[in-house]
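*Asks:* Sequence plus predicted model, see below.
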Amino acid sequence: MAAKEPDRSKVLNFNVGVLGHIDSGKTSLAKALSTVASTASFDKNPQSKERGITLDLGFSSFSVPVPTHLASEGYEQVQFTLVDCPGHASLIRTIIGGAQIIDLMMLVVDISKGVQTQTAECLVIGEITCNHMIVVLNKIDLIEESKREAQIAKMSKRLSRTLETTHFAGAPIIPVAAKPGGPEASESERAIGVDRLVEILSQHLFVPTRSPEGPFIFSVDHCFPIRGQGTVMTGTVLSGSISTNDPVEIPFLKVTKKVKSMQMFHHPVPKASQGDRVGICVTQFDPKQVERCLVCSPGDLPTLTAAIMRVFKIPYHKSPCATGAKFHVTIGHETVMAKTTFFGSDAAPPAIGTGFDFSREYPYQDNLMETGKITRTSDPSPPSSATAAAATEGDDVMPKPTTQFALLEFEKPVTCPAHSLVIGSRLDADAFSNTCRIAFHGQLLEPIVDRAYERNVLPQLKMFKLKSKEGVVDRLHDERTVIGKALFKKETKLQVFIGLTVQLSSGEVGTIEGAFGTTGKFRINIPDGLKPETIQVLSSSKKKGKAKASAETMAGASELEHVSVTILLNFKRYIFDPQKRMIQ
């Protein structure tokens, strides 16, 4: 008799990411744990079999009874969906994509090698995308039994120290041998420690915050045809819910299709909700046109040409993140090149789910500044004293921000949900060097869909540079007027500076009245008049060189001629102001 079909409403689906360095045994661990394989699991990709490594996301599952601490939640069974992520350095885009759909992360570490380059990158990705982690210390069968316990204790202590400075301090570390004897060993070889790992997973199980409400957004990772039925898209529901006969839009192709049927690990289902792993069969289209993409209820996903995000620098990325530099930006289900412009604010950060405030002014930054640790968008902003000293360039004056933002200008349009996670990387860096290629992360605040955004949107962004110019008083004109020089070049159009406020080094405040001659000199009006001592300094400078002056007067003039009165002009200029106005 066939097994009774479980009531899917009573099954809690829990997504577990399997991440780690290449050859740490991730796929073997997924295979040892799983009882159900999907169409994309255990390196079924022909290239994966040929090269002997994972090249794409793999999905499989196993089920356990609901643990006692969740007995009151209304579920009868837990389905652990394993997301097997590739470990090869060049496939970090795929790893980031997989990490965004998980509830808990298993970091797989080869006990004989410890933390390697991609182990560290996976840990960084985990800190950004996930709140819960279990470390799996794999391949313990390679250690002699007499030394095994000591080596496990030594490596566990070392890993615990590594995790102390992360969000995962105190994470459990479980020793296993997912495939004793290695890849060529007999399938009859029983895995070591896997039962204990399942116990720990069950102990750390929680009910993720999920809702069937809101727009349906579906992250597609594989696509294939079924003759006579249609095209199947497999993936994870990121938000909302979907039922058979509902229409869905594929924004990448600009087409809308009808849902014909759905399955969850070979079980037909009439509906799928946020967090579910599901295969959706729609009316026929060419699956070769789709690799990875987002699918949604019609009209719910914008296509962006640019975006504004709240941003945090990854402290392990040692190269500067400079304004004007291009980064590989992963947003939604795509990774594209984007030019960055960084800026900040002293105001409190925007609440999660709110948009960007165009009414405020924001100081421009030459570089993204560090905050000392990986910070999530849900964390409070660090105090400004924790921010590194601001860089200065030329005559720019850089304030220290408490909240940092980035303007991203994409090389090609991208489709993504509102408030998406954004990760910036330098994937062109040497994948095998001992450096972190993940540079920054944050949350999308303002999607920009206007293709003419440079003309229509950016002038609304009050991003400014503080400017400071310095000149000197050339001579006294009268007790309320001085003539200045060395502040402008002779070809400068002084009209734009008329009316701006300047300050003399002697303390007086005045305004620029206009040009004086054609050599770049200008008149400054001092409404409250010059101080007597300033008049004396400026008057004395006139007397130098007069032959009939007494020796005492000449000595005084010689001393005063070295005392010049400087003129300071401070203003700010909006970066995207087409009129290049100066604001005080």
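*Replies:* The structure has been received and is ready for your questions.
*Asks:* CA atoms for contacts and neighbours, from now on please.
*Replies:* OK.
*Asks:* Show the residue spans covered by the strands in the stretch 101-250 of the chain.
*Replies:* Under the criterion DSSP state E, counting those that start in this stretch, the stretch 101-250 of the chain contains strands at 104-110, 133-138, 173-175, 217-226, 230-239, 241-243, 247-250.
*Asks:* Which elements pack onto the second one?
*Replies:* Put plainly, it is strand 133-138. Packed against strand 133-138 by the contact rule (3 or more Cα pairs under 8 Å, 6 or more residues apart in numbering; DSSP states H and E) you find strand 104-110, strand 173-175.
*Asks:* mind putting the strands of the stretch 101-250 of the chain in JSON lines, mean pLDDT and mean neighbour count included?
*Replies:* Below are those laid out as JSON lines (pLDDT from 0 to 100; neighbours: other Cα atoms under 10 Å):
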{"stretch": "strand 104-110", "mean pLDDT": "95", "mean neighbour count": "26"}
{"stretch": "strand 133-138", "mean pLDDT": "97", "mean neighbour count": "26"}
{"stretch": "strand 173-175", "mean pLDDT": "97", "mean neighbour count": "22"}
{"stretch": "strand 217-226", "mean pLDDT": "90", "mean neighbour count": "22"}
{"stretch": "strand 230-239", "mean pLDDT": "92", "mean neighbour count": "24"}
{"stretch": "strand 241-243", "mean pLDDT": "95", "mean neighbour count": "21"}
{"stretch": "strand 247-250", "mean pLDDT": "95", "mean neighbour count": "20"}
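*Asks:* possible to save those as CSV with distance to Y364?
*Replies:* Formatted as CSV, the strands of the stretch 101-250 of the chain follow (distance: least, Cα to Cα, whole Å):
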stretch, distance to Y364
strand 104-110, 37
strand 133-138, 37
strand 173-175, 44
strand 217-226, 35
strand 230-239, 35
strand 241-243, 41
strand 247-250, 38
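*Asks:* between those, which gets nearest to M264?
*Replies:* strand 230-239 (9.4 Å; Cα to Cα).
*Asks:* Just checking: what are the partner strands of that closest one?
*Replies:* Applying DSSP bridges, strand 230-239 is found paired with strand 217-226 (antiparallel), strand 277-282 (antiparallel).
*Asks:* And the next helix or strand past the shortest one?
*Replies:* By that I understand strand 277-282. strand 293-296 (DSSP states H and E).
*Asks:* what lines up beside whichever helix or strand comes after that next one in the sheet?
*Replies:* Next in sequence after strand 293-296, counting helices and strands by DSSP H and E, comes strand 303-313. Take DSSP bridges as the rule and strand 303-313 pairs in its sheet with strand 403-415 (antiparallel), strand 438-448 (antiparallel).
*Asks:* gap between the longest one and the chain center?
*Replies:* I take that to be strand 403-415. Distance of strand 403-415 from the chain centroid (Cα atoms, centre = their mean, to the nearest Å) equals 10 Å.
*Asks:* Also the last one?
*Replies:* Averaging C-alpha positions (Cα atoms, centre = their mean) puts strand 438-448 5 Å from its chain's average.
*Asks:* Over to stretch 29-39?
*Replies:* For stretch 29-39, the distance to the chain centre is 32 Å (Cα atoms, centre = their mean).
*Asks:* Just the residues contacting that stretch, thanks.
*Replies:* Residues from elsewhere that reach stretch 29-39 (Cα atoms under 8 Å, 6 or more residues apart in numbering): 18, 42, 58-63, 82, 84, 178-179, 191, 194, 198, 265-266.
*Asks:* related to what we said a few turns ago, ok, which of the strands of the stretch 101-250 of the chain comes nearest Q203?
*Replies:* Closest to Q203 of the strands of the stretch 101-250 of the chain is strand 133-138 (Cα to Cα; 11.2 Å).
*Asks:* where does the stretch 351-500 of the chain dip in pLDDT?
*Replies:* The stretch 351-500 of the chain contains residues with pLDDT under 70 at 372-373, 375-400, 431-432.
*Asks:* can you redo the helices and strands packed on strand 133-138 as a markdown table with distance to V311?
*Replies:* Output for those, formatted as a markdown table (distance: least, Cα to Cα, whole Å):
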| stretch | distance to V311 |
| --- | --- |
| strand 104-110 | 23 |
| strand 173-175 | 31 |
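*Asks:* between those, which one is nearest to S420?
*Replies:* Nearest to S420, of those and by Cα to Cα, is strand 104-110 at 18.9 Å.
*Asks:* Can you name every helix or strand that the closest one contacts?
*Replies:* strand 11-20, helix 117-129, strand 133-138.
*Asks:* Just tell me which of those ends up closest to K412.
*Replies:* Of all the helices and strands packed on strand 104-110, helix 117-129 comes closest under Cα to Cα, at 24.3 Å.
*Asks:* related to what we said a few turns ago, can you tell which of the strands paired with strand 230-239 is closest to R581?
*Replies:* Here strand 217-226 is closest among the strands paired with strand 230-239 (Cα to Cα), at 43.6 Å.
*Asks:* Give me the residues contacting the closest one.
*Replies:* With contact meaning Cα under 8 Å, 6+ apart, strand 217-226 is reached by 40, 57, 231-240, 284, 286-288, 290-297, 333, 417.
*Asks:* I appreciate the help and will end here.
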